[in-house]
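Peer 1: Sequence first, predicted coordinates after that:
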Amino acid sequence: MTWTAPDVERSEGYPERRNEPEQEMLRDWLDWHRATLLRKCAGLDASQLAKRSVPPSSLSLLGLVRHMSDTERGWVRQTYRGEQIPDLYYRSDVPDADFKEADPARAEEDFECYRAECRAVDAALEGAKLDETFTFRDKTMSVRWMWQHLVEEYARHNGHADLLREAIDGSAGM
């Protein structure tokens, strides 16, 4: 039996909280965009998820899931919290390995890795203050900037995911 990406619940429209403290709204947006990415994948089998729909690009839905796992880990756990943990998919000898090595045989494992990384990032963000700062590549930045960047990264890639999904089975605007 072929593995199929599970369905995911997500609020219709945008997150409901619109006049709450900034950090709560950033959390809502991050959660909403995570669910959106998974929703774009829901119901597709592993080979569909790994399909590169726009040659010669290596972009695929599975690659996006892998990329966002590494992105969240990189910004929050490795850079902000300073955890000494390896990258998930980055390889210096294979640029864009998160996309290029997206293998349907590992799709279920990659999805579980993504969900586990989201949980670990949520734990790492507990107690974070938006005005806290850290240094990355000789630049000082705030947790606020990092959190907004994660939301922006998801928003951009969810646009890619929408186009990829539409090319696979015609579904759009999910």
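Peer 2: All right, it came through fine.
Peer 1: Residue 48: neighbour count?
Peer 2: 22 (other C-beta atoms under 10 Å). Where C-beta positions appear, they are placed from N, C-alpha and C, glycine not excepted.
Peer 1: Ok, the one 3 residues further on next?
Peer 2: Burial measure for residue 51: 18 neighbouring residues, criterion other C-beta under 10 Å.
Peer 1: Offset the numbering so it begins at 9, please.
Peer 2: Sure thing, new numbering starts at 9, so read that last one as residue 59.
Peer 1: distance of it from residue 117?
Peer 2: 18 Å (C-beta to C-beta, to the nearest Å).
Peer 1: same question, residue 83
Peer 2: Counting by C-beta to C-beta - residue 83 and residue 117 are separated by 23 Å.
Peer 1: Which residue of the two possesses the greater neighbour count?
Peer 2: More crowded of residue 83 and residue 117, by other C-beta under 10 Å: residue 83, with 23 against 11.
Peer 1: Contact partners for that one?
Peer 2: 154, 157, 158 (C-beta atoms under 8 Å, 6 or more residues apart in numbering).
Peer 1: Report the buried members of these.
Peer 2: 154, 158 (16 or more other C-beta atoms under 10 Å).
Peer 1: Turn the contacts of residue 83 into JSON lines, columns for distance to residue 176 and secondary structure.
Peer 2: As requested, these are exported to JSON lines (distance: C-beta to C-beta, whole Å; DSSP: H, G, I helix; E, B strand; the rest coil):
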{"residue": "154", "distance to residue 176": "32", "secondary structure": "helix"}
{"residue": "157", "distance to residue 176": "28", "secondary structure": "helix"}
{"residue": "158", "distance to residue 176": "26", "secondary structure": "helix"}
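Peer 1: Out of the contacts of residue 83, which is nearest to residue 14?
Peer 2: residue 158 (22.9 Å; C-beta to C-beta).
Peer 1: Surely that closest one and residue 38 touch.
Peer 2: Yes. Applying C-beta atoms under 8 Å, one finds residue 158 in contact with residue 38, separated by 5.9 Å.
Peer 1: Quick check: phi and psi on residue 64?
Peer 2: Torsion angles at residue 64 (phi, psi; degrees, to the nearest 10) stand at phi -90, psi 10.
Peer 1: give the contact list for it.
Peer 2: With C-beta under 8 Å, 6+ apart, residue 64 has no contacts at all.
Peer 1: Could you list the low-confidence segments of this structure?
Peer 2: 9, 25, 182 (pLDDT under 70).
Peer 1: host element of the residue nearest to the spatial centre of it?
Peer 2: In the chain, the C-alpha nearest the mean C-alpha coordinate belongs to residue 76, at 3.0 Å (C-alpha atoms, centre = their mean). Residue 76 belongs to helix 69-80 when assigned by DSSP states H and E.
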